[in-house]
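Asks: Please work out how this folds:
(4 chains)
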There are 2 protein chains.
Amino acid sequence: MDAYLQVGCEALADPTRFAIFGALRERPQAVGELATLFPVSRPAVSQHLRVLKNAGLVRDRKAGTRRIYAVDPEGVARLRRELDLLWSDALAAFKAAAEQWEEPHAV
Amino acid sequence: MDAYLQVGCEALADPTRFAIFGALRERPQAVGELATLFPVSRPAVSQHLRVLKNAGLVRDRKAGTRRIYAVDPEGVARLRRELDLLWSDALAAFKAAAEQWEEPHAV
DNA sequence: TCAGCTAGTAAGTAAAAACTTACGGTAAGT
DNA sequence: ACTTACCGTAAGTTTTTACTTACTAGCTGA
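Replies: Residues are numbered from 1 along each chain as shown, chains lettered A, B, ... in the order given. Modelled structure (predicted):
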């Protein structure tokens, strides 16, 4: 099926990674800057950023010796669309099976 | 922050769990029924269903000796709303920082 | 009640993932 | 060129989590 949703959900599943994404939601930030916000080492932040980048949720840009990360609007929009499809699909399936829920005789 | 998003994303992060949710999207199903669809044991499916239930994505109903699981429309709708807030927030933040992307201010 | 299904829980194991320190490589300042 | 600052990667460790095999309990029909 669509492995994109998989990767996107995995990226936001970890608390630290979710918080990092939350911090980038406020403003673009460098790696070392982000590392000061959480009780993990800088390499750990780097690794989380790689996961987020692979999921298409963030992107990076070199600025001198620093590397600035920011939310990637295209990746975010895409994941949003895919999830919307999932939800509406799930809700449609629920409506289709609504009567079976109360009266389960027909399977 | 909102731990609900966290739990929701965690619930869909695992491939097997995501597939189980996908199967329930088609129609409500019993635990043993679901277990035949995937190369894992029935208790494993039970445990996945517990995670999905804690996330509010599915609900269950007793039917004789069996237990029927189905997508929970309320939980799905709620997670959908929360995610929508997250996305629009992230996209708004991007627009606000769009010019900083090319010419970032010093920190 | 007994036999048979069902499914959740417990306990332990195996696999995965998050984290650490150490290292190497690039960019900017002196 | 040397030094300093920033960051990614490698290697190894710790912690989580997904999974298995028992075991227990509830429901149904004979």
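Asks: use CA for all of it now, contacts and neighbours both
Replies: Will do.
Asks: what residue ranges in chain A are flagged as low confidence?
Replies: A:1, A:98-107 (pLDDT under 70).
Asks: 80 instead?
Replies: A:1-3, A:93-107 (pLDDT under 80).
Asks: Counting neighbours, which bits of stretch A:21-40 end up buried?
Replies: A:21-32, A:34-35 (16 or more other CA atoms under 10 Å in any protein chain shown).
Asks: Select from those every entry located in strands.
Replies: A:29-30 (DSSP state E).
Asks: Just the ones in helices from the buried residues of stretch A:21-40, please.
Replies: A:21-26, A:31-32, A:34-35 (DSSP state H).
Asks: Is residue A:62 located within a helix, as I assumed?
Replies: No. Residue A:62 sits outside any helix when classified using DSSP: H, G, I helix; E, B strand; the rest coil, being strand.
Asks: returning to what we had before: which one of the buried residues of stretch A:21-40 sits closest to residue A:86?
Replies: residue A:21 (22.2 Å; CA to CA).
Asks: give the contact list for that closest one.
Replies: By CA atoms under 8 Å, 6 or more residues apart in numbering or on different chains, residue A:21 lies in contact with A:12, A:52, A:58, A:71.
Asks: cool, residue A:69 as well?
Replies: Applying CA under 8 Å, 6+ apart, the residues near residue A:69 are A:24, A:28-31, A:58-61.
Asks: swap the cut-off to 6 Å and go again
Replies: If you count contacts by CA atoms under 6 Å, 6 or more residues apart in numbering or on different chains, residue A:69 has them with A:28-30, A:59-60.
Asks: Show me which residues of chain A sit near DNA strand D.
Replies: A:30-33, A:43, A:46-47, A:50, A:65-68 (CA under 7 Å from any atom of the strand).
Asks: show me which of those residues neighbour DNA strand C.
Replies: Among these, DNA strand C is touched by A:43, A:65 when using CA under 7 Å from any atom of the strand.
Asks: Could you export stretch A:86-101 as CSV, CA atoms only?
Replies: Output of stretch A:86-101 as CSV, limited to C-alpha atoms (Å, rounded to 0.1, in the frame of the first residue of the first chain):
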residue,chain,number,x,y,z
LEU,A,86,-7.3,7.7,5.0
TRP,A,87,-9.7,9.4,7.4
SER,A,88,-12.5,9.9,4.9
ASP,A,89,-12.0,6.4,3.7
ALA,A,90,-12.2,5.1,7.3
LEU,A,91,-15.3,7.2,8.0
ALA,A,92,-17.0,6.1,4.8
ALA,A,93,-16.3,2.5,5.8
PHE,A,94,-17.8,3.1,9.2
LYS,A,95,-21.0,4.5,7.7
ALA,A,96,-21.3,1.5,5.3
ALA,A,97,-21.0,-0.9,8.3
ALA,A,98,-23.0,1.2,10.8
GLU,A,99,-26.0,-1.1,10.8
GLN,A,100,-23.9,-4.2,11.2
TRP,A,101,-22.6,-2.7,14.4
